[in-house]
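In: no FASTA, just this:
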Ligand code: ME8
């Protein structure tokens, strides 16, 4: 093992809703990098976890009617279960509600307070609960980041003197000491920094679900404060290593992080707030509030940054579903479990297994490989990328079933058939004579050999630049080259020839193909750990995990494949997937109303919810409408006052608007067929009446959960039913 260490982190995910493939994407990329650095012999630490404090979680828990801790336990558990099913190799999973983390965050806060970088002030501003951040907008205006309505908060707050770090941060990023990639994100951060930094409010007193501000700061305040959730969350990267605890061995080994991997929307938190907190820990800096911010020479910051700041932050783009960002608040998510459950049954039964179906963990790992490959191959890292079930199946069939999997089966079956399963002896350099077909196949085989090392040298830097898609494209090219060699040389024809030269070529072609597969398998290992391990064992090479750990995969040597060695037991790697699987996955994602739920009313013009895309099946005989209903019937309908927090058009849907309504304890997405009569601007901030207990349904890939009340006459403009401003949001109409 080399002396080099590699510490990679993912964001810690909020526990306000269950994971979706956006979260899986970041975690997969981190896992791929961790596996690669382990095979390079570097001592690697891979951290992920969950972000469990803040108002958003408190409100979600209240909406679910449970204590925030119970809520966090449950959702954090679903993240951990999913990573286990997928074979993610994180070394630690941090939860911000763990007592070790809480104590360490208090230690961080207390240190910054002591240094004079935190002080108490009163602040009034607009707060975006969804982003958990104060934003620079006028009261009543939406958040510039996410478009949701902001709330006016006036609070006594602890402030962090962020403004003192504008210059050092610009210097560190411009010099590349803190690497921010891709370039667009670096420019975004630099222009934000150059626009000037305001001090940052880092405590809240209007709710309690957070880490209490510690003494002595706590006694200085007139109210109880909890630490701002982003300070709490960002600190996870060091608290997980034991910072602020009695055992900081991991911290001394792995900090500073080599890479914080994040989605593009949280780049500023990672490239401005986080490094500023860390710079402020420098004991050479003391800040007395009566003075201007302390100025240290750039070299001092730079020296501190070498041991205290992460080396790199890289941001990937968003997974889009039906053209908009996949997110839990929009409800247009795809759950990773759907993909595991749909592809898992395709997992070939291992040789000698008793059951007809492979064991569930194997199926999950098999299916996880397919998602890993798709996300890394399909989306150029750093850019947004659309996800669809059709594209997933097409890519799987083209590259994995017909490409890699087919090549492995085809080649190894021929080695089994013509050479009794032992690797044949090649004679690559024997003269080809003047037979053009022989010359051609020998030249193709020799070219694969000659490129064996250079290909690896060319590919490894692509990986290090996160150019996963290009990297995988190159591996697929290698697979095509070997496929072409087989098609051109037609070993099945050579096998029938009695000429010694043809027999020699047969051995050579199959030897070279096995080498090509061995190389492709090693190169694909970080992305397809499960499938490549099966292929490696079929090649007779034993355990791929052991080969990775021993450093053998770092740079494969041609000479390490020995003629005469025996193949392992053979079997399919990636069977073809039927296109019908796409529909199956779509159905799995569509919530089915429980049998006890009353049939959803067919939207009459009076109700301003959108008509379903597929008209609801109409009963042939119309039930007679009862002339009166009982009070109990009416009580089943839950009508509540809501405020429209977000309103926007839906691409390619002329009649629909996507709304997010605030119900006081939760925020709901509702799709409403009123776009012909209302613009999004007409609607923002309006207090309306919503039927809240309708079963959710999906339209255009988005979930609609509830219906607005409106009055209209046959096909005319629906007039939204409203309530006076004094009617509290969330109150029930009875
Ligand atoms: O922001 N496409 O948590 P979060 C790609 N707790 N990646 C996506 C995605 C999408 N559609 N949706 C989510 C938080 N992600 C904070 C982080 S870190 C100290 C605190 C991924 O649950 C992506 O990595 O909102 C994104 O940055 C992260 O999940 C946001 O997760």
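Out: In hand now; what should we look at? These numbers come from a predicted model, not from an experiment.
In: grab the nearest non-local neighbour of residue 650.
Out: Nearest residue to residue 650 in three dimensions, chain neighbours excluded: residue 656, at 4.8 Å (Cβ to Cβ, 6 or more residues apart in numbering). In this view, the C-beta of every residue, glycine as well, is placed from N, C-alpha and C.
In: wait, what's in contact with residue 384?
Out: Applying Cβ atoms under 8 Å, 6 or more residues apart in numbering to residue 384 gives the contacts 317-320, 325.
In: make JSON lines out of the residues you listed and add distance to residue 494 and secondary structure.
Out: What follows is these, written out as JSON lines (distance: Cβ to Cβ, whole Å; DSSP: H, G, I helix; E, B strand; the rest coil):
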{"residue": "317", "distance to residue 494": "48", "secondary structure": "coil"}
{"residue": "318", "distance to residue 494": "51", "secondary structure": "coil"}
{"residue": "319", "distance to residue 494": "47", "secondary structure": "strand"}
{"residue": "320", "distance to residue 494": "49", "secondary structure": "strand"}
{"residue": "325", "distance to residue 494": "54", "secondary structure": "strand"}
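In: just checking: which of those residues also lie near the ligand?
Out: When contact is defined as Cβ under 6 Å from any ligand atom, the contacts of residue 384 meet the ligand at 318-319, 325.
In: quick one on the thing from earlier: confirm that the residue nearest to residue 650 sits in a helix.
Out: No - using DSSP: H, G, I helix; E, B strand; the rest coil, the secondary structure at residue 656 is strand, not a helix.
In: report the lowest-confidence entry in the ones next to the ligand among the contacts of residue 384.
Out: Of all these, residue 325 carries the smallest pLDDT score, 84.
In: my guess is residue 441 contacts residue 488. True?
Out: Yes - look at residue 441 against residue 488 with Cβ atoms under 8 Å: they come within range, at 5.8 Å.
In: which one's more surrounded, the two?
Out: residue 441 (23 against 13; other Cβ atoms under 10 Å).
In: ok now do that one, which residues does it touch?
Out: Contacts were defined as Cβ under 8 Å, 6+ apart; by that measure residue 441 touches 485, 488-489, 505, 509.
In: closest to the ligand out of those residues?
Out: Nearest to the ligand, judged by Cβ to the nearest ligand atom, of these is residue 485 at 38.8 Å.
In: any idea which helix or strand carries the closest one?
Out: For residue 485, the element it lies in under DSSP states H and E is helix 468-489.
In: now do the buried residues in that helix.
Out: Going by neighbour count (16 or more other Cβ atoms under 10 Å), the buried part of helix 468-489 is 468-472, 474-476, 478-479, 481-483, 485-486, 489.
In: before we move on, what about stretch 444-452?
Out: 444-445, 448-449, 452.
In: span of stretch 343-363 from start to end?
Out: For stretch 343-363, the first-to-last residue distance is 8 Å (Cα to Cα, to the nearest Å).
In: what pLDDT, on average, does that stretch get?
Out: Mean predicted lDDT for stretch 343-363 stands at 73.
In: ok, stretch 382-390 next?
Out: For stretch 382-390, the per-residue pLDDT averages 95.
In: could you check how far it is from the centre of its chain?
Out: 12 Å (Cα atoms, centre = their mean, to the nearest Å).
In: which SSE is immediately downstream of the lowest-mean-pLDDT helix or strand in the chain?
Out: The helix or strand of the chain with the lowest confidence, counting by mean pLDDT, DSSP states H and E, is helix 631-635 at a mean of 76. Next along the chain after helix 631-635, taking DSSP H and E as the criterion, comes strand 639-650.
In: which residue packs closest to whatever residue of the stretch 601-734 of the chain ends up closest to the ligand, ignoring adjacent ones?
Out: Of all residues in the stretch 601-734 of the chain, residue 701 sits closest to the ligand, at 12.9 Å by Cβ to the nearest ligand atom. Nearest in space to residue 701, with sequence neighbours left out and distances taken as Cβ to Cβ, 6+ apart, is residue 322 at 3.8 Å.
In: repeat that for residue 542.
Out: residue 536 is the one closest to residue 542 (Cβ to Cβ, 6+ apart), at 7.3 Å.
In: which strand or helix spans the one you found?
Out: Judged by DSSP H and E, residue 536 forms part of helix 529-538.
In: so what's the gap between that helix and the chain middle?
Out: 25 Å.
In: repeat for stretch 44-54
Out: 13 Å.
In: how about the residues of this structure by the ligand?
Out: 11-14, 22-23, 25-26, 51, 233-234, 236, 262-263, 265-266, 318-319, 325-327.
In: neighbours around residue 183, how many?
Out: Neighbours of residue 183 using other Cβ under 10 Å come to 9.
In: any idea how far it lies from residue 189?
Out: Between residue 183 and residue 189 the distance is 11 Å, computed by Cβ to Cβ, to the nearest Å.
In: and for residue 701?
Out: The span separating residue 701 from residue 189 equals 32 Å under the rule Cβ to Cβ.
In: go on, residue 51?
Out: 21 Å.
In: more neighbours: these two, which one.
Out: Per other Cβ under 10 Å, whichever of residue 51 and residue 189 has more neighbours is residue 51, with 26 against 22.
In: beta partners of that one?
Out: Beta-bridge pairing for residue 51 (DSSP bridges): residue 14.
In: contact partners for it?
Out: So residue 51 contacts 11-15, 96, 229, 232-233, 236 (Cβ under 8 Å, 6+ apart).
In: which residues does residue 224 contact?
Out: Residue 224 touches 205, 208, 212-213, 218, counting by Cβ under 8 Å, 6+ apart.
In: of those, which is the most crowded?
Out: Going by other Cβ under 10 Å, residue 213 tops those with 28 neighbours.
In: so how far is stretch 491-506 off the chain centroid?
Out: 50 Å.
In: buried sites along it?
Out: Of all the residues in stretch 491-506, those buried under the rule 16+ other Cβ under 10 Å are 491, 494, 501-502, 504-506.
In: what does stretch 128-139 give?
Out: Applying 16+ other Cβ under 10 Å to stretch 128-139 flags 128-135 as buried.
In: walk me through the domains of this protein.
Out: 384-550, 590-720 (automatic domain parsing).
In: just the terminal-to-terminal distance for the shortest one.
Out: With Cα to Cα as the measure, the first residue of domain 590-720 is 29 Å from its last.
In: would you map the helices across the stretch 1-150 of the chain?
Out: Ranges of helices in the stretch 1-150 of the chain, per DSSP state H, counting those that start in this stretch, are 21-39, 55-64, 68-86, 99-114.
In: out of those helices, indicate the one that is most buried.
Out: With neighbours defined as mean count of other Cβ atoms under 10 Å, the helices of the stretch 1-150 of the chain peak in mean count at helix 21-39, which reaches a mean of 23.
In: can you name the residue of the stretch 351-500 of the chain nearest to the ligand?
Out: For the stretch 351-500 of the chain, the residue closest to the ligand is residue 384, as judged by Cβ to the nearest ligand atom, at 7.9 Å.
In: skipping its backbone neighbours, what lies nearest that residue in space?
Out: residue 317 is the one closest to residue 384 (Cβ to Cβ, 6+ apart), at 3.9 Å.
In: then residue 429?
Out: Using Cβ to Cβ, 6+ apart, the closest residue to residue 429 is residue 446 (7.9 Å).
In: might you list the low-confidence residue ranges for the protein?
Out: 1, 287-295, 350-360, 432, 591-627, 714-715 (pLDDT under 70).
In: go ahead and confirm the residue of the stretch 601-734 of the chain closest to the ligand touches residue 333.
Out: No - taking Cβ under 8 Å as the definition, residue 701 is not a contact partner of residue 333, at 9.5 Å.
In: what packs against the helix or strand where residue 180 lies?
Out: Element membership for residue 180 (DSSP H and E) is strand 179-181. Counting by 3 or more Cβ pairs under 8 Å, 6 or more residues apart in numbering; DSSP states H and E, the packing neighbours recorded for strand 179-181 are strand 312-316.
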